[in-house]
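Participant: need the 3D shape of this:
(one chain, ligands or ions: 1)
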Amino acid sequence: MCGIVGYTGPRHAYPVVVKGLKRLEYRGYDSAGVAIQDLVGPIRVYKKKGKVAQLEESVIGEDIQGGTAIGHTRWATHGEPSDRNAHPHRSASGKLAMIHNGIIENYHQLKQELTTKGYQFQSDTDTEVLLNFIEEIQRNNNCTLEEALRVALKRVTGAYVILLLNEEDPGTIIAARKGSPLVIGVGQHEHFLGSDASPMLEYTKQVVYVNDYELAIVRPDELILKNLGNETLTPYIQQLDLELAAIEKGGFDHFMLKEIFEQPKTIYDSLRGRMDTTESTVTLSGLETYKQELIAANRIVIVACGTSWHAGLVAEYVFEELARVNVEVEYASEFRYRNPVIHPGDVIIAISQSGETADTLVAIERAKEQGAIILGVVNVVGSSIARISHAGCYTHAGPEIGVASTKAFTAQLAVLYLMAIQLGSWRGCLSDDRKQLLLEELATVPEKAQSILSKSESIQDLSLRYESARDFLYLGRGYNFPVALEGALKLKEISYIHAEGYPAAEMKHGPIALVDDQLPVVFVATRDAYHEKVVSNMQEIKARKGRVIAVITEGDEWAASLTESFIEIPACDEVIAPILSVIPLQLLAYYIGVAKGLDVDKPRNLAKSVTVE
Ligand code: G6P
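Facilitator: Numbers count the residues shown, from 1 in each chain. Below you'll find the model as predicted:
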């Protein structure tokens with residue numbers, strides 16, 4: 001969380017940095033700020049509570065000239081969102097300015113040390129503490145800022161990406177990383193820095209992904225990479241495979257809507273080249289190296305957070321059904337702090353859109369230390385989880401910018417289906433006929449997704465009937481139970497309506513008490529092995545005057561007759577259903593959020609990339 005941007009070179013740095021910050025607002029939007037430096041004169045800092053647009057308004061008439069700048073968009077951890085707590089922070093001498101993404105866990109102890117030395121703090125942040133700690137080391141040791149930073153970071157526990165400006169060294173940005181992402185873009189006589197590559201896309205495609213415990217000294221004509229032991233490293237420059245159009249709205253009102261509508265293509269992209277219905281084959285090169293270990297695995301543990309965790313729940317059903325392997329799905333945040341029993345040879349699948357979620361990252365680091373094989377199902381190429389995994393499959397959904405995840409979820413499902421089919425086939429649990437049928441079903445998903453999207457207007461109309469509801473219940477069974485959870489999460493995230501997802505049968509053990517003539521109850525009730533049971537549950541809600549909304553299979557008049565509203569999706573195999581049945585729920589949540597006049601791309605308090613635990 002928090003987005004950071006930096007620029008040094010011949011351009012005006014401020015517009016480059018502010019444009020970059022807007023692209024990174026998905027990482028947090030509690031406040032924004034910039035520090036600007038010219039070849040002479042003091043560093044100027046401007047910062048404001050709220051979004052980047054508010055910062056822009058606040059700097060009208062100010063001096064924003066300069067070829068070097070750092071900028072920050074904040075997701076608050078230490079200290080409320082306010083001008084005072086916004087980054088950049090200045091050191092006590094006023095000569096250093098710093099931005100930070102992450103948490104300094106031992107900041108309290110460092111603050112006490114500094115307070116006894118007479119330091120006073122202008123903010124409540126851990127960042128200002130670290131900055132003054134660095135300055136104190138520099139003053140005491142009479143050393144360079146780089147040396148002081150290296151000493152300071154050895155004392156720090158927690159996660160950070162920091163960017164530092166020094167009044168006495170104009171044009172230089174010093175950066176360091178541990179546990180949060182940092183990308184450096186290499187241009188002609190200029191360098192760019194960012195939490196991801198989006199701020200630098202229109203200027204360069206040459207990028208360096210900085211690793212943990214590395215430090216970069218960045219000048220217009222120079223990029224020096226070092227480790228904390230002061231050894232110089234050779235930057236590994238990679239070519240970015242990303243187009244500007246992928247991170248723009250392309251005529252849609254919101255990124256979320258654009259991303260929902262991209263799904264026929266993104267699902268296709270995640271399947272493309274990986275399956276062949278003529279030959280009835282799946283090719284996941286990432287898995288080949290671990291074929292024997294996967295066949296022999298006693299169990300698979302899936303770790304993830306948020307929407308990715310819901311994809312993991314679907315995968316649990318699918319892997320158990322198709323590959324007859326024991327699967328456990330864990331919240332990464334719980335798994336990492338338990339003392340889980342991991343045997344060498346256990347397979348851990350980490351699912352993550354960003355590839356940077358702190359809890360998921362640490363969970364797999366721990367499991368890896370204990371001998372588990374780590375497979376990543378990750379969207380962002382080159383991200384930390386992708387890099388630490390032994391192998392895996394990228395989801396190829398392209399950049400997801402809307403904070404509420406949509407296309408990443410369906411791409412995760414597409415990849416997980418292929419993994420389960422491959423594993424089932426390797427383990428001899430999946431018949432050739434079933435495999436062929438599932439591959440054919442998967443091949444039709446993009447077209448079926450398109451047909452669901454073509455009904456978006458009717459879903460929008462339907463949403464207006466429920467916009468003022470206070471609570472929602474989402475129910476589903478079997479493969480559609482995780483979809484009910486995901487539907488409820490989408491609604492909560494962007495409409496702020498309280499929503500709960502439940503297994504349809506389990507609702508009798510509690511949630512049914514909430515049912516009255518005001519409560520919308522959304523059933524994910526496509527035709528499958530449990531269909532009659534789900535329809536009975538619909539009857540039970542209807543008998544209590546609940547307002548039944550259902551996602552049903554096209555032509556299912558029986559289920560439709562029990563509803564106040566229904567949305568049809570094309571018929572499909574029950575295993576594949578979640579990748580389609582979730583789409584109407586994404587649209588329903590989106591349209592309710594829009595009808596309530598909310599900023600669906602940037603819901604309050606949320607961030608897309610959760611790099612703090
Ligand atoms: C945040 C995002 C969610 C996402 C979750 C896990 O909460 O707002 O959309 O599902 O993090 O993120 P990951 O990048 O690991 O999938």
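
Participant: C-alpha from now on. contacts and neighbour counts both.
Facilitator: Noted.

Participant: return the residues of this structure in contact with the ligand.
Facilitator: Listed as neighbours of the ligand in the chain under the rule C-alpha under 6 Å from any ligand atom: 305-308, 352-355, 357, 403-405, 606-610.

Participant: again, only this time at 8 Å
Facilitator: Within the chain, the positions adjacent to the ligand are 304-309, 351-357, 360, 378, 403-406, 408, 606-610 by C-alpha under 8 Å from any ligand atom.

Participant: list buried residues within the residues you listed.
Facilitator: Neighbour counting by 16 or more other C-alpha atoms under 10 Å classes 304-305, 307-309, 351-357, 360, 378, 403-406, 408, 606-610 among the residues of the chain next to the ligand as buried.

Participant: so what's the residue in the stretch 151-300 of the chain positioned nearest to the ligand closest to, chain neighbours aside?
Facilitator: As assessed by C-alpha to the nearest ligand atom, the ligand sits closest to Met256 within the stretch 151-300 of the chain, at 11.1 Å. In this structure, Met256 finds its nearest non-sequential neighbour in Gly402, 4.7 Å apart by C-alpha to C-alpha, 6 or more residues apart in numbering.

Participant: neighbours of the one you found, how many?
Facilitator: By other C-alpha atoms under 10 Å, the residues close to Gly402 number 23.

Participant: Three-state assignment for it, please.
Facilitator: With DSSP: H, G, I helix; E, B strand; the rest coil as the basis, Gly402 sits in coil.

Participant: contact partners for it?
Facilitator: Gly402 makes contact with 26, 254-256, 259, 600-602, 608, according to C-alpha atoms under 8 Å, 6 or more residues apart in numbering.

Participant: give me the phi and psi for it.
Facilitator: Reported as degrees, to the nearest 10, the phi and psi values for Gly402 are phi -50, psi 130.

Participant: please apply the same query to Leu165.
Facilitator: For Leu165, the backbone dihedrals are phi -110, psi 150 (criterion: degrees, to the nearest 10).

Participant: what ranges do the strands span in the stretch 351-500 of the chain?
Facilitator: 373-378, 391-394, 471-476, 498-503 (DSSP state E, counting those that start in this stretch).

Participant: same list (the ones you listed) but as JSON lines, adding mean pLDDT.
Facilitator: As requested, these are exported to JSON lines (pLDDT from 0 to 100):
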{"stretch": "strand 373-378", "mean pLDDT": "97"}
{"stretch": "strand 391-394", "mean pLDDT": "95"}
{"stretch": "strand 471-476", "mean pLDDT": "97"}
{"stretch": "strand 498-503", "mean pLDDT": "96"}
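
Participant: longest helix anywhere in this protein?
Facilitator: Counting residues, the longest helix found in the chain (DSSP state H) is helix 432-453.

Participant: buried ones in that helix?
Facilitator: 435-436, 438-443, 445-450, 452-453.

Participant: low-scoring pLDDT stretches of the stretch 351-500 of the chain, where are they?
Facilitator: Across the stretch 351-500 of the chain, nothing is flagged by pLDDT under 70.

Participant: filter the residues of the chain next to the ligand down to just the ones in helices.
Facilitator: Among these, the members falling in helices (DSSP H) are 306-309, 360, 408.

Participant: out of those, which is nearest to Asp126?
Facilitator: Nearest to Asp126, judged by C-alpha to C-alpha, of these is Thr360 at 23.3 Å.
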